[in-house]
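# this one's sequence-less:
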């Protein structure tokens, strides 16, 4: 009873903070896409949330109530939500049997809720996802299992039990789970997760080409991932084709060689100019290491071209240009027109080197005048190179 009272109080405080008249976005981000799920009737307090969870047959209303609990970031409220998610009948109030049959796994309401749990602070997300991963009935359906696996990718400080769950899946000898688990371990971008990838890499007999062309390449500039590449190469990749591919995916991007270009949303590496200096320095060390390995001439060319790309970016950082660009962007807010105008001109001189910083400033969001100035500068940049 005391636990229930605490839950209701937490939910009530949450709604008091949002009211009156403040719209609460009920959406979550799924696969890079922001989705909204407004309830058909407003949920006004903690007691109403509990009532909805207990008896509502309106899927949209149920999803909104679940996402509301996630937004409280309250341990007691989350415990209540998990108790419902462990109830078989609750699954089918959220998503019908037809939904499970005809919708993609990521389109299920339950998937969006589990994704929201994964985005909670690690002290809440870790035990919640571990709890779901230990629930046999929940994992008995492949769509629900995928939801838990993919939600793990949002946890940047994964616990040992959560890593053990993914580790066991990654090491399986068959099924879709191994690739999904490795992809998520890469998305975590933590040293501990990379240790698990390394362990499975040298113990599995399956093909690991997709690991490089589809998973690691998308996060290849993150420092933990760069270190993982170095450790794999130092330990030695015996398969010559795989060794060359690993080096290529770190320093190159071969769209037509690696992918079916007729398919949408192909894997893509992050812009190298956005890599942190520590990653760039480590990449140069790996370039030196790679040139001592037994590689094909075209792979060696990829390494040399990669060095030519990385060296000026590192020089750009070492000379303090990112800090100067940040100061110039701040000066766009100056009360003095002359200062604002001078900063605009200086930013234009940087050209596409300033682009990632300008786009981050736009996302802040800035004042209307600053927004216009940033957009005008971006409009003058050359179009991005294809491929």
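Everything's here; your move. None of these values were measured; they are calculated from a predicted model.
# Mind checking what secondary structure residue 154 has?
coil (DSSP: H, G, I helix; E, B strand; the rest coil).
# That one is in contact with residue 115, isn't it?
Yes. The pair residue 154 and residue 115 qualifies as a contact (C-beta atoms under 8 Å) at a distance of 7.2 Å. C-beta: built from backbone N, CA, C; applies to glycine.
# Those two: which is more packed in?
Set side by side, residue 154 and residue 115 show unequal neighbour counts under other C-beta atoms under 10 Å, the larger going to residue 115 at 23 against 20.
# how near is that one to residue 285?
Residue 115 sits 36 Å away from residue 285 when distances are taken as C-beta to C-beta, to the nearest Å.
# Equivalent analysis for residue 199, please.
With C-beta to C-beta as the criterion, residue 199 and residue 285 are 23 Å apart.
# just residue 204 next, same as before
In this structure, residue 204 and residue 285 are separated by 27 Å, where distance is defined by C-beta to C-beta.
# If I look at the residue lying closest to residue 300 once chain neighbours are set aside, what pLDDT would I see?
Computed as C-beta to C-beta, 6 or more residues apart in numbering, the closest residue to residue 300 that is not its neighbour in sequence is residue 291, at 6.4 Å. The confidence metric pLDDT takes the value 97 at residue 291.
# Kindly report the same for the one 3 residues further on.
Residue-level confidence at residue 294 comes out at 97, pLDDT.
# Now do the contacts for it.
With C-beta atoms under 8 Å, 6 or more residues apart in numbering as the criterion, the residues that contact residue 294 are 240, 243.
# what's downstream of the biggest helix by length in the chain, the next helix or strand?
In terms of residue count, the longest helix belonging to the chain (DSSP state H) is helix 297-318. Secondary structure here is assigned by DSSP states H and E; on that basis, the next helix or strand after helix 297-318 toward the C-terminus is helix 321-331.
# what about the residue of the chain most remote from its centre, distance to residue 344?
Most distant residue from the mean C-alpha position of the chain: residue 338, 40.6 Å away (C-alpha atoms, centre = their mean). Noted for residue 338: a distance of 11 Å to residue 344, by C-beta to C-beta.
# cool, and residue 188?
As it turns out, when the distance is counted by C-beta to C-beta, residue 188 lies 39 Å from residue 344.
# Between the two, which is the more surrounded one?
When residue 188 is set against residue 344 and neighbours are counted by other C-beta under 10 Å, the residue ahead is residue 188, at 26 against 18.
# For residue 116, see how far away the more buried one is.
17 Å.
# quick one, what contacts the residue nearest to residue 318 when sequence neighbours are not counted?
Distances taken as C-beta to C-beta, 6+ apart put residue 277 closest to residue 318, at 7.4 Å, once the chain neighbours are dropped. Listed by C-beta under 8 Å, 6+ apart, the contact set of residue 277 reads 314, 317, 318.
# What's the separation between residue 277 and residue 319?
Distance of residue 277 to residue 319, given as C-beta to C-beta: 11 Å.
# ditto for residue 70
In this structure, residue 70 lies at 44 Å from residue 319, with C-beta to C-beta as the measure.
# so who does residue 366 touch?
With contact set as C-beta under 8 Å, 6+ apart, residue 366 has these partners: 332, 333, 374.
# Would you confirm that the second one belongs to a strand?
Right, the one you point to is residue 333. No. Secondary structure of residue 333, determined by three-state DSSP: coil, with no strand assignment.
# Name the nearest residue to it, sequence neighbours excluded.
Nearest one to residue 333, counting by C-beta to C-beta, 6+ apart, is residue 370 at 6.0 Å.
# ok, and for stretch 372-387, which residues are buried?
Within stretch 372-387, the residues that qualify as buried are 373, 374, 377, counting by 16 or more other C-beta atoms under 10 Å.
# quick one, what contacts the second one?
When you say that, I think you mean residue 374. When contacts are counted by C-beta under 8 Å, 6+ apart, residue 374 touches 329, 332, 358, 361, 362, 366.
# From those residues, list just the buried residues.
The buried subset of the contacts of residue 374 (16+ other C-beta under 10 Å) comprises 329, 332, 358, 361, 366.
# what's near enough to touch residue 226?
Residues counted as contacts of residue 226 (C-beta under 8 Å, 6+ apart) are 220, 250, 279, 282, 283, 286.
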